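Colleague: Please work out how this folds:
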Amino acid sequence: MIRHVKHVYNRTVAALLLFTTETLIALTLVILALVAFLAIVQYVFVDQAQYFDDAAFGYVRSLVSNRNTSLMLFLSFLGNYQFLITANILLTLYYLFIKKHRWYSIKVPVIALTSVILMFLLKFMFSRQRPLIPLLEPAHGLSFPSGHAMSSVTFYGLLIHICWHTVSSGYKRTLIIIALLLLILSIGFSRIYLRVHYASDVLAGFCTGTLWLVISLAILQKLEKYSKRNIETIPEQKT
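Modeller: Residues are numbered from 1 along each chain as shown. Modelled structure (predicted):
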């Protein structure tokens, strides 16, 4: 009996610590992303400053080579809508039919679709034109925020969230999270290298993607807990 009580107590304490850690991380990310996004908007649209973007273009110009360009095109592909649509569909089907995890199969498409809607609303709101002289071919649409950066954060960031909760090995979990973070940053960098986005576009995309991912996950997790709580109370009501 005493052993069982200790076991329950230890699990409860561990759950509370995990909840507290996740909450603190989420709040920190939201505050930092929001402050950074507002600072970028102030810098670009109110102050109309260009030094940061010009400096970024000046730096990547020194890195241009055929080898680097091929790599940047590949990284950019991993963040474009054709790839991410396919990846989101496959991930949704994986959790729906293979893992039988209904809520993950809901989170993936909901976060993807709502983030795209938000992205287009922000692009229309700010209506910033893209850089005039791209490295290769011009990209279509408006520039701020970067859709590649925002979509990469929401998709690969969701993979980080899933990895945090499903990968039991701390070593493997850390390696996967670091790899996904580097991939997100690399996709954003590729857009600056290819001169289809300003650096401020990419940073704004990272900020809005982080904001929307954290907020969406918080809402969906609340709905998941509410749904499970209602299901658990149904047998009690019948008895």
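Colleague: give me the number of residues near Tyr118?
Modeller: Slight slip there: residue 118 is Leu, not Tyr. Using other C-beta atoms under 10 Å, Leu118 has 18 neighbouring residues. Placement of C-beta: from N, CA and C, glycine included.
Colleague: Go ahead and list the helix or strand containing it.
Modeller: Applying DSSP states H and E as the criterion places Leu118 in helix 102-126.
Colleague: got it, and Glu137?
Modeller: Applying DSSP H and E, one finds Glu137 in no helix or strand.
Colleague: cool, the one 3 residues further on as well?
Modeller: Per DSSP H and E, His140 falls between elements, in no helix or strand.
Colleague: Show me where this structure has its helices.
Modeller: Ranges of helices in the chain, per DSSP state H, are 2-41, 51-61, 66-77, 81-93, 102-126, 147-166, 170-193, 199-238.
Colleague: can those go into TSV with extra columns for distance to Pro134 and mean pLDDT?
Modeller: Putting these into TSV (distance: least, C-beta to C-beta, whole Å; pLDDT from 0 to 100) gives the following:
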stretch	distance to Pro134	mean pLDDT
helix 2-41	21	76
helix 51-61	11	95
helix 66-77	12	96
helix 81-93	18	94
helix 102-126	17	93
helix 147-166	14	94
helix 170-193	10	95
helix 199-238	13	81
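Colleague: how about the ones you listed, which one is nearest Ile133?
Modeller: The minimum distance between Ile133 and these falls on helix 51-61, with 9.5 Å, by C-beta to C-beta.
Colleague: ok, residues contacting that closest one?
Modeller: Here helix 51-61 makes contact (C-beta atoms under 8 Å, 6 or more residues apart in numbering) with 43, 131, 189, 192-193, 195, 198-200.
Colleague: Just the buried residues of the helix holding Leu118, please?
Modeller: By 16 or more other C-beta atoms under 10 Å, the buried positions in helix 102-126 come out as 104-108, 111-112, 115-116, 118-119, 122-123, 126.
Colleague: hang on, the earlier thing: so which two of the contacts of helix 51-61 are the farthest from each other?
Modeller: Tyr43 and Tyr193 (21.4 Å).
Colleague: of these two, who's got more company?
Modeller: Each of Tyr43 and Tyr193 has its neighbours counted (other C-beta under 10 Å); Tyr193 has more, 25 against 17.
Colleague: surely the more buried one meets Leu63?
Modeller: Yes. Using C-beta atoms under 8 Å, Tyr193 is in contact with Leu63, at 6.8 Å.
Colleague: circling back: so the helix holding Leu118 versus helix 199-238, what angle?
Modeller: 140 degrees (axes from the mean of the first three to the mean of the last three C-alpha atoms, to 10 degrees).
Colleague: circling back to that earlier point, for my notes, please list the helices of the chain in a markdown table and give distance to His140 for each entry.
Modeller: Formatted as a markdown table, those follow (distance: least, C-beta to C-beta, whole Å):
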| stretch | distance to His140 |
| --- | --- |
| helix 2-41 | 23 |
| helix 51-61 | 20 |
| helix 66-77 | 14 |
| helix 81-93 | 11 |
| helix 102-126 | 11 |
| helix 147-166 | 11 |
| helix 170-193 | 14 |
| helix 199-238 | 14 |
